[in-house]
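Novice: no sequence on hand, only this structure:
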């Protein structure tokens, strides 16, 4: 999966995430919204794709993994996620 740092729309460059960066420091008990975009391309090593996970490190460098979305049909799902709602991760 590849992050997208900016998009071009009507000859205007729109910077995404945290000023084009996907590294965040979010204070405890805070709600912060970022527009994050990723692209996923089919290749031989990803042929068994069936889920998306979010992996992050907390402020004590402990790794957390969250199952975000499952796709029963894998690549045959015609995957398009345009979710404008908040998604609780923890």
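Specialist: Thanks, I have it. Here the structure is a predicted model, which is why all the values come from computation and not from measurement.
Novice: so who does residue 37 touch?
Specialist: 3, 4, 7, 16 (Cβ atoms under 8 Å, 6 or more residues apart in numbering). For glycine as for every other residue, the C-beta is placed from the backbone atoms N, C-alpha and C.
Novice: how much space between the residue sitting furthest away from the middle of the chain and residue 25?
Specialist: Largest separation from the mean C-alpha position in the chain: residue 11, at 24.8 Å (Cα atoms, centre = their mean). As judged by Cβ to Cβ, to the nearest Å, residue 11 and residue 25 stand 33 Å apart.
Novice: repeat that for residue 50.
Specialist: 32 Å.
Novice: neighbour count for those two, which is higher?
Specialist: Neighbour tally, residue 50 and residue 25, criterion other Cβ atoms under 10 Å: the higher count belongs to residue 50, 12 against 7.
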